[in-house]
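> The sequence and its predicted three-dimensional model are supplied below.
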Amino acid sequence: MTAGGVTTHAGAWIRQNLFRNARDSILTVVFGALLAFLTYRALSFVLGEDWEIQRQNMRNSLVGPEISGTDLWAPVIGIWLIAAAVGVMIGALDRSQHADQPGAILDPLRPAHWRQIAYRTVARLWPVFALVVFILLLTGSTTGLLVTLAAMALAFLGRAAGVRLPLGSVRWAALATALAPIVAVLIIRFGFGIDWNDWGGFLLVAFAGAAGIALSFPLGIFLALGRRSKLPVMKGLSVAYIEFFRGVPLVVLLLIGSLVIGLFLPRSLIPSEPIRAVIIFTLFTAAYFAEVVRGGLQSLPEGQEEAAKALGLPAWRITSFIVLPQALRNVIPAIVGQSISLWKDTSLMFIIGLAEPLRLASAFTRQPEFRGQGLITLTLFFAGLIYWIVSFTMSRESQRLERKLGVGQR
Amino acid sequence: MKQFGKRAALVALMAALAIGVAACGDDDDSSSDGGGDTASAGASLQSILDNGSFKCGTRDDLAGFAALDASGERAGFDTEYCRAIAAALFGDSEAVEFVDLQTADRFTALQSGEVDVLVRNTTWTGSRDGGEGANFLATTFYDGQGMLVSADSDFQSLKDMDGATICLTEGTTTQLNLEDAFTNAGVNVGEALPFADPELIQEAYNAGRCDGWTADRSALAGFRTNWPGGPENVRILDETFSKEPLGPAVSDGNDDLAQAVEWAVFATMQAEEFGITSANVDQIRDTSEDPNIRRFLGLEEEGGTFDPGLGLPADFNYQVIKQVGNYGEIFERNITPLGLERGVNALWTDGGLIYAPPYR
Amino acid sequence: MTAAQAPARARPPLWRDVRVLRVVGQAAALVVVGMLLAWLWSNLQNNVDSLGIPAPTDFSYLNQPVGQSIAGSDLRPTQSRLDALQVGLVRTIQIAIVGIILTTILGVLLGIARLSQNWLVATFARIYVELFRNTPPLVVIIFIYLGMFINGGFLPRVGDAVEIPNLLAADIRGISVLWVSFTDSPWPYLLVLVGAIAVGWGVVRWRNHVQDAQGKPTYPMLSGLVVFLAMAIVGWLALGGPTELSAPSVAENGRVTGGNKLTPEYAALLIGLVLYTASHVAEITRASIQAVARGQDEAAKALGLSAGQRLRKVILPQALRVAIPPLSNQYLNLTKNSSLAVAIAYVEMTRVTSDLVANGAPAFQAFLLLAFLYLLISLATALITNFINGRLAIPGR
Amino acid sequence: MSTEPIAEELRDATVTRGAGGVIIELAQVDKFFGDFQALKDVNMKVGKQEVVVVIGPSGSGKSTLIRCINRLEEHDAGRIVVDGVELSNDIKAIREVRRETGMVFQQFNLFPHLTVLDNVTLAPRQVRKTPRAEAERLGRQMLEQVKIPEQADKYPAQLSGGQQQRVAIARALAMQPKVMLFDEPTSALDPEMINEVLESMKELARTGMTMIVVTHEMGFAREVADRVVFMEEGQIVEVGTAEHFFTNPSEERTKLFLSQIL
C-alpha cells in the first residue's frame, strides 16, 4: 500500500519533472546520457587511477616539502587551535541564538544531542569530511587519523565550553576565533621558527588567503569611506587606487610584486617572496572589498547619517556606530564571495614560482619513480579538488547566511 | 565657487611644498650617507658571516642540478655548490638557506638581496654581467644548448628542421639562441612554444605537440635518461648551438663576497687536481708533506697559517672537501647519472676547461 | 543673553573652522601620499643607479630587436620589442572579444537551463555551475590543455591528421580550417564592406519607415541584406578579386599547411576562460531572470504569449538590464584572466612582457607599460558597457 | 539689539508666552542648491518656549529652513544664531548647536541595528558621556513620556510607524535639547497613527519646549501653534498667530494656499 503510494508519487514526479512533453523527454534523454557519461568518466578516473604518487607526496601537498619531522607539529597545533576556537564560537552562537529557549541549545556533552550535532555538522561540511576521509584512506596514516580525531574532539569540547559561556560572550568568542589563525601563524613562523620561504602547499595558500582577507578588509573599508567622501582629494586618491587595482590583472600585479617591488624599497626592507605575494593579494583585494563595502554604504538611507548628526554624534562615531555596522551586515555574502575569489586566486602563486599546490603537483611528476608517466593529470586533479572543496563549502555557507540574513529578500 | 578656488589653490600649494620637502629630504639622505641602505646591492661578506648562514638562490625542479625528492630532500650539482660555499664561509655545509627562484625572477632576487648568491644553472652573458647587475664568478659547468628529437625522426641536424615546432622553457636565452641557430642553418622556426614548466613540455612532447625540445644539453641529458619507455626513444642532435657557461653569481658591487664564493668554487677544482677527496682528505692532511697541499688545507706551519686575505677561515678548503667533496665527486654524484661525460668539464690536466688559479 | 547680542559673524579659530579642517585634512592626505611616492621613487632611483640598469624613465629598450618569433604570428626576430608587444596586445584583445561572445552564449543558455522545469536539465546546469565557479581558472585552463588536448587523445598525432579535404585538417598541432585571406592590402575591400554595411543599414531604416507609414510589409531586413550582398559582390569584382582561399592540406612530411590554424594552446586558454566565466554568467542570468517580477510573466501569460515568447520578448529584455553591470564585471574579469596564458605556451601581452624582462628589458618600465595597457582595455570595456547600459535604460526609471 | 537689520514685522511679534527672550534668530539667510535658491533672505526669530509651525507648498523651502538650524544644510549667506551660538564654520559651534537641538524626521530614521533603548541612550552616552545606568533611566523616562515604555527592548522594525516616530521623539528628547525641530513628522504615517504622534507632540508643547514644526496638519497648527509661518518659493510670505492665520490671513498667496489645503 505504502510502497504503491510512493511509486505513484515517484511516477508523478518523474512525469512532471522529466517527461512533460516530447521536447522535454528528448532533453531528459540527452542530458541524462551526458550526465551518466561524465559521472562514469569521473568515477573511473578517481577509482581507476593509481594514486601512489599522491599518496607518497601527501605531506608535500599539504604543507610543502620544507616542513618535516618535528616541524610538522606546527601546522597540527595550528589546526587544533583553530578547531577549538571555532567550536567555542559555534557553541556561543548557538546559545545566544536560542537565549529564550534554552532547550533548543545543542550541548555536546549530552549524548541525546550527539545525533543532531553529527547530522548538522555533516550536512554542512560533508565535502570537507569526504576529503579528509579520502586523504586518510589514501595515506593510511595512523598519526593523521589521530590528529584528525583530536581536532574533532577539540572542536566538540570547544562547543561544549561555548554553550556554557555567559550570554554576552559571543563577541569575545568571535574575536578568539578571528585571533586563532593569527596565533597559529605566529606559532608556526616564530614558535617553530619556520621561515616564510619554507611554507608550501595548502598551508601556504591558506595562510596567503587568510592573511590577504584579514589585512585587506580594513584597507577596503577605509577606501570605501574615502570614495564616498565629499572631499575631492580623499575621493580622488581612493578612486585612483581602486580603479588601478581593479583594472590590472592579478597575475600582472603578482609579477610586479615578484620582479619590481624590490626596486622600490631599501634592501633591508624587502620582504620575502611569500610575504610580497600576501602584500599584493592584500592591495588587490582591498580594491574589491572597497567596492563591496561601497555597495553596502549606498544601500543605507541617507537619513541614518543625518539622524546621527542631528543627535550631535561626532563624525567618526557616526561611521563606527551607525554607518559601518549596518553597511557591513548588508554585504556579508558579497564579502564571503570576495573571499572565495581570493582563495581561488592564491593558485596564481604558481606563476611567480612559489611552492603552491599546482607547482608542487607538477614537481611531484619529476621525481625519479614517477617521471614521465603522465601522472600530472592526477596530481593536478588532487590540487584542484582541494581548491574546489574549500570554495564550494564556503559558497554554500555564504548562501546559507544570505538566506538567514534575508539579504536577497530586500 | 570663489571659496572653492581658494581652497584648491591652498591644497595645491601645500602639496607642492610637501613633495618638495620630501624630495629635498631624500636628496639630503642620499648625499650624506652615501646611499647607505639603498645604494649597496647585496649584503656584505661581513654581515653574512655575522648572520651565521647565507641565502642561496636555486631551484627545485631540474634533475641533476637542483631537485627535490618525495621526502623533500634537495639534491643536485647546484645544491652541492651552495653547500660548498656554506662549508667555506661557516665551516658548516648546512648553514645555507635555500630560496627557490623562477627563471624570470632570479636576477631581481639577486638585485633585491633576497638571495646572497645565485647558484641556479644560470648562463654567464655580457648583458647579465652588465645590465642585470649580476657579477658572475668561476664557471662550474660548461654547457651548451642542444636539441632533443625522437629517435625515429628524420632530423639529423638543424638544417632538416625547417618549419618545425620547437618546445622550450620560457624566460631564458634559449629561444633567442634557437632563433639565431635556425637563421644560421638557413631555416625557419615553425613555432616556438615557450612553456612555464618542463613537466608541461614533456607531456606536450610525448603527445607529439612538438618536433624538438631545446634546452641546455645537460638538462636534455637528464630528461633523456629518465625518458618514459627508455632513453633509446630519443636522441640529442650533435649540434651545440650556444655557449652556456654556468656558475654562481653575486650582485655587482659586492667584491668581498664575490672573492669568497669564487675561491670556495676553486677549492673543489683544486682538490680534484691534487687528488684529494672527501674520503681521503683527513688522511692526506695527517700525512702529506707537499707544501702546496699543506698550505691548501690550512695546516699550521712554523711561520703560522697561510692566509690569502679572502676573509675566509684558514681551513675553508678542508671544510669544503670534507663536507662536500671535490669537483669530480660532485660531478659524479649528480651529473654522471644523467648520462653525461665529463667532456669539456674535465680538468685542464685532462684537456678540459676546469682550472683553478694557484692558491698561494 | 539674547540672540540679538550674539557676536558678529566672526571667523572661528583656525583649528575649529570646518573649512580649514577640510583643507588641512586633504592636504595632509596629499602630503602623506606624496611623501610615500617620493620615497619609493627615490629608492627606485638609488637602486637603479647602484645596479647600473636603465633609468626608470628610459623606454628605449622597446626599440631593440626582440630576437625571437612568436608562434602563430608573422613576427620576425629582427623586429623590435615594440612590435612584439603589439602582437601581444592584439592577441589579448582578440581573446577578450571571442571569449566574451562565447561566454555570453554559453552562460545565458546555462542560466536558463538552471531554471528549467526539467529536473535533469536544471541539475546538469547546477552541477556545471558549482563545478566551474569554485575551481580556480588556472586549474581549469591547465587541466583542459593537458587533459583535453595533450593527453585527451581526440586529436591525432602528426602524420595521422584527420582531414576533410580542402576544408579541415586536424592533428595535435592544431585544427586548420579553410580561410579567406587577402592577396594584397586588405584595407580597400574592408572599406567597401564598411560602406556596404552603412548603406544596407540605411536601407533597413528606410524600409522600416515606409512600413510604419503605410502599414504594408516591406521586408526591411531582407532588402537591407540584399543591398549589402550586392555591394559586397560588386566591390569584390571591381577590385579584381582581392582575396584568395587558403585550404588546409597535409604535406608530405605529415604536417598540415595552409588554412587558419587553431592551436591547442589558444583553444585551451579560450575554452578554459569561457567555461569558467560562463558559470558566473549563468548565475547572473538566473538571478536577473528571477529578479524580473513574477507579475511580468503572469501578465505576459495573460496576453497569451507562449513560454518561448514570454522568455524572449518580456523576461530576457528586462533581465538584461538588471544583468548588465555584473556582466560587465565578468567580461572585465575574462579579459584580465587572459593573462593566465602565462602558464601554458600561449603568448599574449603579459607573456610577451615577462619574456622581454627575462631577456634583459627593464622590469619597472615593462610592467608599468603592461599595467597601463590593461587599464586602457578596462577603461574601453567600461565605456562600451556604460554606453550599452545607457542605451538600454528604461526611460523614467 | 543686533546691529544687523531685522525685518520689521518680525522684530516685536515674537514673545507670546512665558519666560521671554529669543532662542533662535535667522537673519537674511540665503541657501543655494547649485543655481537653485532654496532660501531667499529669510528673517525669523523664535522665542523661548514658543511653538512655531511652518507651512507652505512642497518645495517652498520649509525643510531646508529647519535643516539649516542644526546645520544639516550649510547656509550660504546671513546669520543663524541658536541660543546665543552663531552657526559658522566653527566645528565647536556646530557641535554645541546640535547638542541643544533635537530633530525628528519624516522617515523616523531610527537605527535599525540597535534596540529601542539603545537608540534612545546612544547619544546621551556618547555625546554627553552619561553613565549607562543613568542614561537608561533617562531613556526609559523619555519612552514613558511618549507612552511606549514597554517597547524598550524591541528592535525598531518590530514597531508600528507611529510607535517608531514616538521613539524618534524620545531619542531626540533624551539629549534634553532646548529646541525641538520636526520635519513633517506625520507625513510618512498611516492615517490611524498620525494622532498618537501628534498627541505626543502636543504633550511636549505643554511642557514648554521650544518647537519648530514643519507640517501639513492644520488642526495641529491651529491648536498648538503660537505662531504660524507661511513660506513659498524660499521666502517667508506671512507670519502671524494661529488665530490670525486661519481666520484672516493678509496675503493673497496665503489665502490661495489655505483654500487649496483646507
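Structure's in. What do you need?
> how near is the closest residue to chain B within the stretch 201-350 of chain A to A:Ile79?
Proximity of the stretch 201-350 of chain A to chain B (CB to the nearest CB) peaks at A:Gly262, 2.9 Å away. (Glycine included, C-beta is placed from N, CA and C.) A:Gly262 sits 34 Å away from A:Ile79 when distances are taken as CB to CB, to the nearest Å.
> try D:Ser187
Taking CB to CB, one finds D:Ser187 at 58 Å from A:Ile79.
> same question, C:Trp206
Taking CB to CB, one finds C:Trp206 at 73 Å from A:Ile79.
> go on, A:Ile340?
Applying CB to CB to A:Ile340 and A:Ile79 gives a distance of 21 Å.
> the more surrounded of those two?
A:Ile340 (21 against 16; other CB atoms under 10 Å in any protein chain shown).
> List the contacts of the more buried one.
Contacts of A:Ile340 were listed using CB atoms under 8 Å, 6 or more residues apart in numbering or on different chains, and they are A:391, A:394-395, A:398, C:134.
> And the helices in the stretch 151-262 of chain D, which stretches?
D:161-173, D:191-206, D:218-224, D:242-247, D:252-261 (DSSP state H, counting those that start in this stretch).
> Of those, which stretch is the most buried?
helix D:161-173 (a mean of 26; mean count of other CB atoms under 10 Å in any protein chain shown).
> So what touches it?
Here helix D:161-173 has contacts from A:307, A:310-311, D:102-105, D:108-110, D:116, D:119-120, D:122-123, D:139, D:142-143, D:145-148, D:151, D:156, D:159, D:180, D:185-186, D:188-190, D:192-194, D:196-197, D:200-201, D:204, using CB under 8 Å, 6+ apart.
> With stretch B:93-100 instead?
Against stretch B:93-100 from outside (CB under 8 Å, 6+ apart): A:195, A:197, A:272-273, A:353, A:355, B:52-60, B:74, B:79, B:82-87, B:89, B:109, B:114-115, B:319, B:323-324.
> okay, now the domains of chain A?
Annotated domains of chain A cover A:20-49, A:68-193, A:199-394+A:406-410 [automatic domain parsing].
> Where among the ones you listed is average confidence lowest?
Here these differ in mean pLDDT, and the lowest is domain A:20-49 at a mean of 85.
> quick check, that domain touching chain C?
Yes - against chain C, domain A:20-49 shows contacts by CB under 8 Å from any CB of the partner chain at A:20, A:24, A:27-28, A:31-32, A:34-35.
> Quick one: low-confidence residue ranges for the stretch 101-250 of chain B.
Where the stretch 101-250 of chain B drops to pLDDT under 70, the residues are B:104, B:131, B:170-172.
> Name the nearest residue to the residue in it that chain A sits nearest to, ignoring sequence neighbours.
Closest contact between the stretch 101-250 of chain B and chain A, by CB to the nearest CB, is at B:Ser112 (2.9 Å). Nearest residue to B:Ser112, sequence neighbours excluded (CB to CB, 6 or more residues apart in numbering or on different chains): A:Gly262, at 2.9 Å.
> same thing with B:Tyr359?
Nearest non-adjacent residue to B:Tyr359, counting by CB to CB, 6+ apart: B:Phe296, 5.3 Å away.
> Could you pull up the residues touching that neighbour?
B:270-271, B:274, B:317, B:359.
> Switch those residues over to JSON lines; also include distance to B:Leu168 and secondary structure.
Shown next, in JSON lines, are those (distance: CB to CB, whole Å; DSSP: H, G, I helix; E, B strand; the rest coil):
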{"residue": "B:Gln270", "distance to B:Leu168": "36", "secondary structure": "helix"}
{"residue": "B:Ala271", "distance to B:Leu168": "36", "secondary structure": "helix"}
{"residue": "B:Phe274", "distance to B:Leu168": "40", "secondary structure": "helix"}
{"residue": "B:Asn317", "distance to B:Leu168": "39", "secondary structure": "helix"}
{"residue": "B:Tyr359", "distance to B:Leu168": "40", "secondary structure": "coil"}
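> can those residues go into a markdown table with extra columns for pLDDT and neighbour count?
Formatted as a markdown table, these follow (pLDDT from 0 to 100; neighbours: other CB atoms under 10 Å in any protein chain shown):
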| residue | pLDDT | neighbour count |
| --- | --- | --- |
| B:Gln270 | 94 | 25 |
| B:Ala271 | 95 | 28 |
| B:Phe274 | 94 | 21 |
| B:Asn317 | 94 | 28 |
| B:Tyr359 | 89 | 18 |
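> Looking at the residues you listed, which one is closest to D:Phe257?
Nearest to D:Phe257 out of those is B:Asn317 (CB to CB; 106.9 Å).
> what's the closest residue to that closest one other than its chain neighbours in contact with, if anything?
With sequence-adjacent residues excluded and distances taken as CB to CB, 6+ apart, B:Asn317 is closest to B:Ala267, at 4.4 Å. With contact set as CB under 8 Å, 6+ apart, B:Ala267 has these partners: B:84, B:88, B:316-317, B:320-321, B:356.
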